[in-house]
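# Quick one: sequence and predicted model below, then my questions.
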Amino acid sequence: MMMREVFGNTLAEIMEHDERICVLDADLANCNGTKKLQQLYPERAFEVGIAEQNMASVAAGLSSYGFVPFISSFTPFATRRICDQIAVSIAYAKQNVKIVGTDPGISAQLNGGTHMSLEDVGVLRSIPTMVIFEPADNAQLRQALPQIIEHYGPVYIRMFRKETPDIFEDENYKFNLFKADKIYDGKDVTVFATGIMVKRAMDAAEILKEEGISVEVINIHTIKPIDEEAVVKSLKKTRCAVVAENHNIIGGLFSAVAEVAAQKCPTPMVPVGTKDVFGEVGKLPELSEKFGMTVENVIEAVRKAVSMK
């Protein structure tokens, strides 16, 4: 099932018994999985048209009356286009708005550079009180949504729209919005990964195991506030790290991990992500090659990190 369907279906279930929840779209409800909500709950699901700044302001107003609004659009339009409204009308005003940006980073694919937000985490991470969450699979998103609703304040959900590999589809999996998930235990190097890069980190770890390199894989699903305890604990054990993200290596997860390491556990660290460039048109495999974000790139980064110890 596509992640956007999980998003729409889960919200539909929650809206049935929680009348605080409302949904606003900017002409992309079909794309983002929320069209059905307009049909099921027309009094709480609004189409504002291609007017994202207005959408954010309307959501802030709804929040001030006790609603919990979700606003959604493609990632660049849900972040950089409405940054001032997020900072002032939502975060500064202490409003309880949830922002959903879909097709982050290179997953925008054929929509090209204008629709390819490689800076969104960096932009929003610097806004006080902002929570930034990027699910790795459907199970994680499904469990995260109720916790995001119960957390008062702005939350940015950085959501892949299409099908994702099952990583956490275990009935015993228990998600915690503010705690990282250790996927593999290791002793030689840590790979911190988020979003679509989690499965690539796992695949790299399996290959490197054959070389005798023990890789610890940690999914940092909540980039802000980052789970400092998990980061420091792992770095103290492995003494080197790779950070893999579908984002510019400036301002995103690499920066967040490095900030923790610099203050609490200085450690050699190698980034995997885009390198201060704009995006371009292409399919996901092509763009992954172009920007150095493949499984092989993660493997090379691990070897480099280990050599720096």
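Happy to help now that I have it. Keep in mind the model is a prediction, meaning the values are calculated, not measured.
# check contacts around the residue sitting nearest the centre point of the chain.
Centroid-nearest residue in the chain: residue 134, 1.9 Å away (criterion: Cα atoms, centre = their mean). Applying Cβ atoms under 8 Å, 6 or more residues apart in numbering to residue 134 gives the contacts 104, 121, 157, 158, 159, 194, 195, 221, 222, 223. To be clear about C-beta, it is placed using only N, CA and C from the backbone, and glycine gets the same treatment.
# Look up how far residue 59 lies from the fifth one.
So the one you mean is residue 159. 17 Å (Cβ to Cβ, to the nearest Å).
# sorry, back to before: any idea which of the contacts of residue 134 is closest to residue 286?
residue 104 (17.4 Å; Cβ to Cβ).
# ok so, going back, so for residue 159 and residue 59, which sits in the more crowded spot?
residue 59 (31 against 25; other Cβ atoms under 10 Å).
# quick check, that one in a helix?
Yes: Residue 59: assigned to a helix according to DSSP: H, G, I helix; E, B strand; the rest coil.
# Using the three-state scheme, assign the residue lying closest to it once chain neighbours are set aside.
If the residues on either side of it in the chain are set aside, residue 59 comes closest to residue 69, at 3.8 Å by Cβ to Cβ, 6 or more residues apart in numbering. Following three-state DSSP, the label given to residue 69 is strand.
# Contact partners for residue 69?
Residue 69 touches 22, 23, 24, 58, 59, 62, 63, 96, 97, 98, counting by Cβ under 8 Å, 6+ apart.
# and it, how far is that from residue 14?
When residue 69 is compared with residue 14 (using Cβ to Cβ), they lie 13 Å apart.
# wait, residue 89 sits on residue 95?
Yes: Residue 89 lies in contact with residue 95 (Cβ atoms under 8 Å); the separation is 7.0 Å.
# Overlap in contacts, those two.
With Cβ under 8 Å, 6+ apart, residue 89 and residue 95 have common neighbours residue 60.
# Residue 39: how many residues sit nearby?
Residue 39: 10 neighbours (other Cβ under 10 Å).
# Please report how far it lies from residue 106.
Applying Cβ to Cβ to residue 39 and residue 106 gives a distance of 32 Å.
# quick one: buried residues of stretch 47-64?
48, 52, 53, 55, 56, 57, 58, 59, 60, 62, 63 (16 or more other Cβ atoms under 10 Å).
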